[in-house]
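[1] below is the structure, and that's it, no one-letter string:
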C-alpha cells in the first residue's frame, strides 16, 4: 500500500513523507528520509515505538491503542472556566462519553440556575466539579485498542452493527458495537462509537427522550454503514423503552408533530423487525444517559 500510494502521488508531482506505522516490517521498507521525524533515528529492532498524534488523538504506536492526554490548567470556578475545561476533552468517537456527560450536566444546571458566565458557582456545584476534575487527572491511563479486529483473527465472514439507545431525565445517548465472526466461527465484539447529550432545558418526557435517542441511533447507523469498509449484515437496534417500540410498531394512530417527525426518521432508515427490547440492567447505553465515574468506566 505504501509503495502504491507513493507511486500514484509521484505522478502528480507529490512526494509523500513523514510515514508512521505500528508495523516494524513496514517501517523497515521505508527509507529513513521518508519516515516521520521521531522515527528517523529509531532502532527498529530494539527501541520502543513512540506516541504520535493522529487526527487529534494520541496514538500509542507500540501497543496500537488510542490514549488521552490533557494539560489540566487551573480555571476559575465559573461557567466560562468549566466550559473551557470540558471543551478541552477531545473525544470524537465517544470513548469517554459516559465520563464527560456528568460535567455537561453540571454546566447545564448552572444555566438553569441562571448563573452568569463569570459568577462564582454555588458550593454544592463546586464540590461536584472538584470530584470530576480529580477523575479527569486519571484519564491519562485510559487506553482503547485502535483496531476493531483482533490480531490474527483471520478473514471476517460476518459483520453486524448493534445500536443501543437510552435516556434519563438528565441526558440521552447511544452506543454502537460491531459483531465480527471469522471462518472458524469465532466471534469478537468491539466498541465503534458512542454519543451522549444533555436533555433540553425545556422539560421533555422520558418516552420522548427515549424516542430522540432512538432517532440518533438510526442516524449513526446510516453514517457508519457508509463509512465502514465491511460487508455489513442488517443492523439491530436495542432499547429498554417499551414506549419507543410501541411508537415504531404503530400503524394506525396519528401522533403529535414531535413524535411523528422522529418516527418518520426511524421508519425511513430501519425496519420494525430490526428493533428489539433489552432490559435496562443489560443496556450499555444506560451509562451514556446516566454517566459514570472514571473508575467504573475502566472497570466496564
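    Good, I have the coordinates. In this text, all values refer to a predicted model and were calculated from it rather than measured experimentally. Numbering: from 1, shown residues only.
[2] confirm residue 222 sits in a helix?
    Yes - Residue 222: assigned to a helix according to DSSP: H, G, I helix; E, B strand; the rest coil.
[3] number of nearby residues for the closest residue to it other than its chain neighbours?
    Nearest non-adjacent residue to residue 222, counting by CB to CB, 6 or more residues apart in numbering: residue 269, 5.6 Å away. Where you see a C-beta, it was placed from the backbone N, CA and C, and this is true even at glycine. Burial of residue 269 is recorded as 17 neighbouring residues (other CB atoms under 10 Å).
[4] what does residue 223 give?
    By other CB under 10 Å, 12 other residues sit near residue 223.
[5] so who does it touch?
    By CB atoms under 8 Å, 6 or more residues apart in numbering, the contact list for residue 223 is empty.
[6] quick check: it vs residue 113, distance?
    Relative to residue 113, residue 223 is positioned 36 Å away (CB to CB, to the nearest Å).
[7] any idea how many residues pack against residue 150?
    13.
[8] hang on, it in a helix?
    No - counting by three-state DSSP, residue 150 is located in no helix; its state is coil.
[9] mind checking the SS state of residue 197?
    At residue 197, secondary structure determined by three-state DSSP is strand.
[10] for it, which residues are in contact?
    101, 171-173, 216.
[11] mind putting the residues you listed in a markdown table, distance to residue 261 included?
    Shown next, in a markdown table, are the contacts of residue 197 (distance: CB to CB, whole Å):
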| residue | distance to residue 261 |
| --- | --- |
| 101 | 25 |
| 171 | 21 |
| 172 | 16 |
| 173 | 20 |
| 216 | 14 |
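[12] for the residue nearest to residue 222, phi and psi?
    Taking degrees, to the nearest 10, you get phi -100, psi -10 for the backbone angles of residue 269.
[13] and it, how far from residue 82?
    36 Å.
[14] can you report how many residues lie near the residue nearest to residue 89 when sequence neighbours are not counted?
    Nearest non-adjacent residue to residue 89, counting by CB to CB, 6+ apart: residue 100, 5.6 Å away. Neighbour count for residue 100, taken as other CB under 10 Å: 20.
[15] quick check: residue 100 touching residue 90?
    No - checked against CB atoms under 8 Å, the pair residue 100 and residue 90 is beyond contact range at 10.5 Å.
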